[in-house]
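Visitor: model the structure of this input:
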Amino acid sequence: MTVVATGGTLAGRATTQDSYSNYRAGTYPMAELIPEIAPAIDQMANVDIVQFGNAGSGGYTIAQYRELTLAVEQALVSSDAVVVTTGTDTMEEFGYWLDVTVQSKKPVVITGAMRPWAAGPTPDVDPVFGSDGPANLVQSIRLAASQQTYCFGTVLMLNDEIHAARDVTKGNTMRTDTFESRRVGVLGWIDGDRISLPRGPSRVLDCQSDRWLTPFDLSEISASDLPKVEIFYNYQEASGDAIRGMVTGGATGIVTAGTGAGGISSAAGQARRDAIAQGVWFVSTSRTGSGTVGPTSAAGMISGNELLPQKARLLLILSRAYTDDITVARDWFATAGNPGFGNASAAVDVQSVPDGVLEPVA
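Guide: Okay, the predicted model is just below:
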């Protein structure tokens with residue numbers, strides 16, 4: 001199997017052994033970390049390394065996300081599974097991107113750490129007290145090597161918990177159990193050397209067919225095909241200035257993180273209508289952190305369903321890159337990017353009701 005390393009806190013060097021927040025992310029190369037856990041992993045898998053990068057997760061561009069997908073797919077040509085290491089700040093975005101773009105059914109596990117590995121010139125000198133990086137890396141390799149998440153798409157493993165890439169989000173700035181899957185809960189967990197997976201993502205049901213694959217084969221497009229997409233965060237008496245600025249800046253798509261079931265202010269709503277008239281697509285999501293934003297057929301509008309705004313943005317980037325037909329994009333948001341066991345609901349026309357209100361059409 002292959003570890004594709006991108007840096008983050010897991011590869012971080014702290015100032016002292018008891019420093020958990022003062023460190024430089026992406027310092028140690030993976031070739032120096034793997035030997036530190038070799039006694040634990042040698043019986044699980046033969047591990048090779050791809051050092052994709054060595055930086056904090058927030059430092060990567062969407063163009064580099066495309067290259068990461070291609071690197072993972074290349075590794076999976078000969079490897080049975082891949083573990084991707086990255087920083088936790090935007091790990092949920094790394095994971096979701098890989099989930100909807102990797103065109104292989106083999107296991108992909110993403111992991112990282114909330115505490116840096118060590119404080120010395122090399123990772124074998126002055127280990128950080130209580131660092132979670134070594135354990136997370138060992139358990140992620142265990143999970144990937146087990147093949148138990150074959151056809152699950154990308155999963156996130158941290159703190160012995162296994163999460164679906166679509167559902168998971170970072171829920172705390174500092175705690176080692178920071179990741180949570182909101183109301184749906186974890187897929188499973190790892191206790192020592194025992195992996196428990198009581199549930200799986202719905203796409204596993206399509207494992208034996210091409211329906212498992214998503215439309216987003218990144219070998220078919222270039223980095224320049226990936227458009228600019230922004231996020232507007234709604235709040236009390238929000239103006240439309242941000243939306244107008246995003247359009248002026250070249251955004252072809254905007255995700256609105258609305259209140260409740262996706263509502264935005266009247267001023268922002270007018271700016272949205274003006275932008276739609278200029279060909280900009282909008283995806284409606286909620287800032288609440290969980291829950292569904294109902295479907296819509298209104299001009300220029302797409303429902304984000306259960307996606308968090310930051311993940312809806314990634315799916316909108318891909319959708320705008322692959323189609324000019326918003327009807328096709330709506331279907332992708334309801335299926336490939338947001339799979340479920342069935343999500344039939346009443347249609348919603350967000351232009352038939354006042355801004356800030358979403359109601360089912362009778």
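
Visitor: list the contacts of residue 36.
Guide: Residues near residue 36 by CB atoms under 8 Å, 6 or more residues apart in numbering: 123, 124, 134. In this view, the C-beta of every residue, glycine as well, is placed from N, C-alpha and C.

Visitor: what helix or strand is it on?
Guide: Following DSSP states H and E, one finds residue 36 within helix 30-41.

Visitor: hmm, back to that, what's the PyMOL syntax to select whichever of the contacts of residue 36 are buried?
Guide: Applying 16 or more other CB atoms under 10 Å to the contacts of residue 36 leaves a buried subset, and the PyMOL line that selects it is:
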select buried, resi 123+134
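
Visitor: out of the contacts of residue 36, which is nearest to residue 86?
Guide: Of all the contacts of residue 36, residue 134 has the smallest distance to residue 86: 16.2 Å, by CB to CB.

Visitor: what's the local residue count around the closest residue to that closest one other than its chain neighbours?
Guide: Computed as CB to CB, 6 or more residues apart in numbering, the closest residue to residue 134 that is not its neighbour in sequence is residue 37, at 5.4 Å. Residue 37 sits with 16 neighbouring residues when counted by other CB atoms under 10 Å.

Visitor: who's in contact with residue 37?
Guide: Per CB under 8 Å, 6+ apart, neighbours of residue 37: 134, 137, 138.

Visitor: okay, those in a markdown table with secondary structure and distance to residue 327 next?
Guide: As requested, these are exported to a markdown table (DSSP: H, G, I helix; E, B strand; the rest coil; distance: CB to CB, whole Å):
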| residue | secondary structure | distance to residue 327 |
| --- | --- | --- |
| 134 | helix | 49 |
| 137 | helix | 43 |
| 138 | helix | 46 |
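
Visitor: return the closest of these with respect to residue 330.
Guide: residue 137 (39.3 Å).

Visitor: tell me how far the residue lying closest to that closest one once chain neighbours are set aside lies from residue 140.
Guide: Distance criterion CB to CB, 6+ apart; nearest residue to residue 137, sequence neighbours excluded, is residue 37 at 6.0 Å. Residue 37 is 11 Å from residue 140, where distance means CB to CB, to the nearest Å.

Visitor: residue 163 bridge partners, please.
Guide: On the basis of DSSP bridges, residue 163 is bridged to residue 156.

Visitor: quick check, pLDDT for it.
Guide: The predicted structure scores residue 163 at 97 on the pLDDT scale.

Visitor: okay, now it: neighbour count?
Guide: 26.

Visitor: could you do the one 3 residues further on as well?
Guide: One way to gauge burial is a neighbour count; for residue 166, by other CB under 10 Å, it gives 26.

Visitor: which of the three states applies to it?
Guide: coil (DSSP: H, G, I helix; E, B strand; the rest coil).

Visitor: same check on residue 5?
Guide: Per three-state DSSP, residue 5 ends up strand.

Visitor: pull out the buried positions in stretch 283-301.
Guide: Those would be 283-287, 292-298, 300-301, for stretch 283-301 by 16+ other CB under 10 Å.

Visitor: now the helix holding residue 36: average pLDDT?
Guide: 97.

Visitor: off-centre distance for that helix?
Guide: 26 Å (CA atoms, centre = their mean, to the nearest Å).

Visitor: show me the helices in the stretch 51-200 of the chain, by range?
Guide: 62-78, 91-101, 133-146 (DSSP state H, counting those that start in this stretch).

Visitor: what residues does whichever strand in the chain runs longest touch?
Guide: Of all the segments of type strand in the chain, defined by DSSP state E, the longest one is strand 48-55. Residues from elsewhere that reach strand 48-55, judged by CB under 8 Å, 6+ apart: 1-8, 11, 25-27, 29-31, 34, 60, 64, 67-68, 71, 75, 79, 87.

Visitor: about what we covered before: make a markdown table out of the contacts of residue 37 and add distance to residue 321 and pLDDT.
Guide: Output for those, formatted as a markdown table (distance: CB to CB, whole Å; pLDDT from 0 to 100):
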| residue | distance to residue 321 | pLDDT |
| --- | --- | --- |
| 134 | 38 | 98 |
| 137 | 33 | 98 |
| 138 | 37 | 98 |
